[in-house]
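Chemist: No letters, just coordinates:
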């Protein structure tokens, strides 16, 4: 009897997990496959899971005049690097101060940060502040600053640092180390798992960000990758212009549909390539966070 | 002996305070100053006057927002979508986590978990492109399949009634891996002795899950649901905007407060009403968080958020 229960259960488990996994991967196969399908085939038969007529035309057009794509890549890489480094530094420094149990005002400051997650002025005052008062429209700062500090990450980092034995801090103090020195030399090296996790979250948020560009960027030179993709997907005329602007004399029809998918592949590529390596750290980080909850 | 005055404390904590200074300045500028900017909702905003120089407008902006009939629609949509997301996403994540824990060998688990986590890593822009790929009338995969079976294709991008289902599915798809890992971590943390005890008492696998696993997940479920309920009046802008964009045909079933505020600000440049809608959203959200937290506190102090 018991055996039968187990068997039925395993059967259901395997089947449903496989279905879910396939559903999660299929759309990616669809995108890659359509980017490699000849345009005329897409137009007549629709997007297919397996390319019926194989063609790399979309990619060759994309890489013929890659200036804007490269520019967008550079913006994204720059913003992601700067934002992640700065964000990690400030998050960990803030979290360290809040994690010190002998710091009298830690609860006051914690509340000061936490309150911003409960109540906000909304999009309009924030937008006007950024544009009219801080003059950040079309500046790289508009892409870096909004995502740099996040209360949730500060809390996660703080709870990780709180688990570091206090005796270590105490003994360093007796040896005459200052607060900043204790943070930089002792606590930071011990917080590597938390730093890796939050760093990955930050990097992913920056890499995938298009919202701040939508709000603040109109200069083509500052367009990050996802926003560039967003604009091109919505506006193939814009793409044609960009190609011609790059000196192309476009005589043949541009394979719009497969080109859209090729662009999607190129914009997602690095994430998908890094994915197997990065995923492990995400899982570890989330596991730490969940257990501490 | 040193006296513990404010100035003494200030000196003692000098370095820690300096370390906090950048973050304090950041949130002061980007979170607290905009809170003061709420006055815009009560003003007739003009660019020359700015926030403080513009003339007062009383509650006109709010009246306009409520009388337009949009207020009810976007509030209802935001709340209903979030409720559906909370229920469907958590149920699916708990299910997947339990299955991952109970079934399969190391390799099977690793592979499925990686597959489930994949959608979490891509941007909403890419999700929008994929959705278009699947749902487009002429060349979308769904309609290609329907035609293949000799059925009539569906004009999904012109039919509002399909979108609640599509959006719930997409949300579940994108968040599945993340939530599953959270719940899986909680399940892994359950004391194995409880399972052994259940085994001795003759529990079968279904009883084991219902009587041991799920009750042990309650703290995690409560925390995650609480956080989500607190955000029930906040729409996921990235999702709605990339799936629907400015397709007005679908607004009746897809417009949420966030997309509405964005459009009023950027597209129609109606700053006063947009600000009023934003204040309305913030106040609703604040009241929800406070009441949910109060209710949980009364029930079990340790489970509350704060």
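Modeler: Received it, and whenever you're ready, just let me know what you need. Predicted, not measured: the structure shown is a model, and the values here were computed from it.
Chemist: going forward, measure contacts and count neighbours with C-alpha atoms only.
Modeler: Fine.
Chemist: do the helix or strand where residue B:187 lies and chain A meet at all?
Modeler: Counting by DSSP states H and E, the element that carries residue B:187 is helix B:163-188. Yes. Using CA under 8 Å from any CA of the partner chain, helix B:163-188 reaches chain A at B:173, B:181-183, B:185-186.
Chemist: tell me which of these is nearest to residue A:127?
Modeler: residue B:173 (31.1 Å; CA to CA).
Chemist: since we're on that closest one, how many residues are nearby?
Modeler: Burial of residue B:173 is recorded as 20 neighbouring residues (other CA atoms under 10 Å in any protein chain shown).
Chemist: which of the residues of helix B:163-188 next to chain A has the most neighbours?
Modeler: Counting by other CA under 10 Å, top hit in those: residue B:183 with 27 neighbours.
Chemist: need the contact list for that residue.
Modeler: By CA atoms under 8 Å, 6 or more residues apart in numbering or on different chains, the residues touching residue B:183 are A:290, B:93-94, B:97, B:217, B:220.
Chemist: between the residues of helix B:163-188 next to chain A, which is closest to residue A:89?
Modeler: Residue A:89 has its nearest neighbour among the residues of helix B:163-188 next to chain A in residue B:182, at 25.9 Å by CA to CA.
Chemist: mind listing the strands for the stretch 51-200 of chain B?
Modeler: B:55-56 (DSSP state E, counting those that start in this stretch).
Chemist: where does the stretch 101-250 of chain A come near chain B, residue by residue?
Modeler: The stretch 101-250 of chain A comes close to chain B at residues A:103, A:113, A:116, A:118-126, A:129, A:149, A:179-180, A:204, A:208-211, A:226-227, A:229-230, A:233, as judged by CA under 8 Å from any CA.
Chemist: Of those residues, grab the buried ones for PyMOL.
Modeler: The buried residues among those can be selected in PyMOL (16 or more other CA atoms under 10 Å in any protein chain shown) with this line:
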select buried, chain A and resi 113+116+118+119+120+121+122+123+124+125+126+129+149+179+180+204+208+209+210+211+226+227+229+230+233
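Chemist: Looking at the residues of the stretch 101-250 of chain A next to chain B, which are in strands?
Modeler: Among these, no member is found in strands (DSSP state E).
Chemist: where in the stretch 151-293 of chain A is pLDDT low?
Modeler: Residue ranges of the stretch 151-293 of chain A with pLDDT under 70: A:236-254, A:288-293.
Chemist: Can you show me the helices along it?
Modeler: Under the criterion DSSP state H, counting those that start in this stretch, helices of the stretch 151-293 of chain A are mapped to A:151-162, A:166-174, A:179-181, A:188-190, A:192-207, A:211-216, A:225-234, A:236-245, A:256-292.
Chemist: got the buried residues for the second one?
Modeler: By neighbour count on 16+ other CA under 10 Å, the buried set for helix A:166-174 is A:169, A:172.
Chemist: How about residues contacting it?
Modeler: Residues contacting helix A:166-174 (CA under 8 Å, 6+ apart): A:182, A:186.
Chemist: For the residue of the stretch 101-250 of chain B found nearest chain A, give me its contacts.
Modeler: Distances between the stretch 101-250 of chain B and chain A by CA to the nearest CA are smallest at residue B:139, namely 3.7 Å. Listed by CA under 8 Å, 6+ apart, the contact set of residue B:139 reads A:42-47, B:133.
Chemist: What about residue 207, how many residues nearby?
Modeler: I'll assume chain A. Neighbours around residue A:207, by other CA under 10 Å: 27.
Chemist: think we crossed wires, I meant chain B
Modeler: 13.
Chemist: element containing it, please.
Modeler: helix B:205-208.
Chemist: what about that helix and chain A, any contact?
Modeler: Yes. Using CA under 8 Å from any CA, helix B:205-208 comes into contact with chain A via residue B:205.
Chemist: show me what contacts the closest residue to chain B within the stretch 51-200 of chain A?
Modeler: The nearest approach of the stretch 51-200 of chain A to chain B comes at residue A:121, 3.9 Å away (CA to the nearest CA). Contact analysis of residue A:121 by CA under 8 Å, 6+ apart lists B:31-32, B:34-38, B:278-279, B:282.
Chemist: run the last query once more with 7 Å
Modeler: By CA atoms under 7 Å, 6 or more residues apart in numbering or on different chains, the residues touching residue A:121 are B:34-35, B:37-38, B:279.
Chemist: And the pLDDT for residue B:24?
Modeler: On pLDDT, residue B:24 comes in at 97.
Chemist: Three-state assignment for it, please.
Modeler: Secondary structure state of residue B:24, per DSSP: H, G, I helix; E, B strand; the rest coil, is helix.
Chemist: Run a quick neighbour tally on it.
Modeler: Residue B:24: 17 neighbours (other CA under 10 Å).
Chemist: Which residue is the nearest non-sequential neighbour of it?
Modeler: If the residues on either side of it in the chain are set aside, residue B:24 comes closest to residue A:113, at 7.8 Å by CA to CA, 6 or more residues apart in numbering or on different chains.
Chemist: close enough to count as contact, the one you found and residue A:151?
Modeler: Yes. With contact defined as CA atoms under 7 Å, residue A:113 reaches residue A:151; the gap is 6.3 Å.
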